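Chemist: I'd like to go over a predicted model; first the sequence, then the structure.
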Amino acid sequence: MKTVLTFGTFDVLHIGHIRILERAAACGDRLIVGVSSDALNFSKKGRNPIYPEAERMAIIAALRCVDEVFLEESLELKGEYIKNRNADILVMGNDWEGKFDEFNSLCEVQYLSRTEGISTTSLIDTIKKYA
Ligand code: C2G
C-alpha cells in the first residue's frame, strides 16, 4: 500500500488542479492532500483565497481520486506531515522543482509538470473582465 501526499491551495478549482491530483493518485494506492490554510495563503500572497479553507477542503475531498484531506497550516511542517501520514511519495508541481529535495530522506519526492496556460490568477482576471 503506497501512500501519496501532495499539497496546494486549490482555490477556484480548474483543470490543472484535477490533472495533477489524478496523476498524483496514479503514483500510488492512496492520495492524501494537504490543503493550504487561509492564513498560510495570506502570509504568502497578502490576500485570502476566493474560496475559504473549509470549502476548498470539501471540494478536494469530494474528488474521486482523493482519499483524505487535511489543513496545511505551515510550510515548515512538511516533514511532520510526511511522517504523521506515513507518506511513501511526496508529489509537487514542477513550479516547486528542487524545493523539497530535503525530504528525500523521509520519502520519495516527485515533481510533476504543470498544465500550461491556466491558473487561478488568470481565471480571476478573466472573471473580472466579464464583471
Ligand atoms: N497546478 C498545475 N497546473 C496549473 C496550476 C496548478 O499542475 N496550471 C498544480 C500546482 O503545481 C500544485 C497544485 O496544482 O501542485 C496546486 O496549485 P496551487 O493551488 O497553486 O498550490 P500552491 O499555492 O502552489 O501550494 O505547500 C505548498 C502550498 O500548499 C502551496
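Modeler: Done, it's in. Numbers count the residues shown, from 1 in each chain.

Chemist: helices or strands next to the lowest-mean-pLDDT helix or strand in the chain in the packing?
Modeler: Using mean pLDDT, DSSP states H and E, helix 120-130 stands out as the lowest-scoring helix or strand of the chain, at a mean of 94. Applying 3 or more C-beta pairs under 8 Å, 6 or more residues apart in numbering; DSSP states H and E, we find helix 120-130 packed against no helix or strand. C-betas here are computed from N, CA, C, even on glycine.

Chemist: my hunch is that residue 18 is in a helix, does that hold up?
Modeler: Yes - the assignment for residue 18 (DSSP: H, G, I helix; E, B strand; the rest coil) places it in a helix.

Chemist: what residue in the protein comes nearest to the ligand?
Modeler: As assessed by C-beta to the nearest ligand atom, the ligand sits closest to residue 93 within the chain, at 1.7 Å.

Chemist: quick check: phi and psi on the closest residue to that residue other than its chain neighbours?
Modeler: The shortest distance from residue 93 to any non-neighbouring residue, by C-beta to C-beta, 6 or more residues apart in numbering, is to residue 114 (4.9 Å). With angles defined as degrees, to the nearest 10, residue 114 sits at phi -80, psi 160.

Chemist: distance of residue 51 relative to residue 85?
Modeler: 24 Å (C-beta to C-beta, to the nearest Å).
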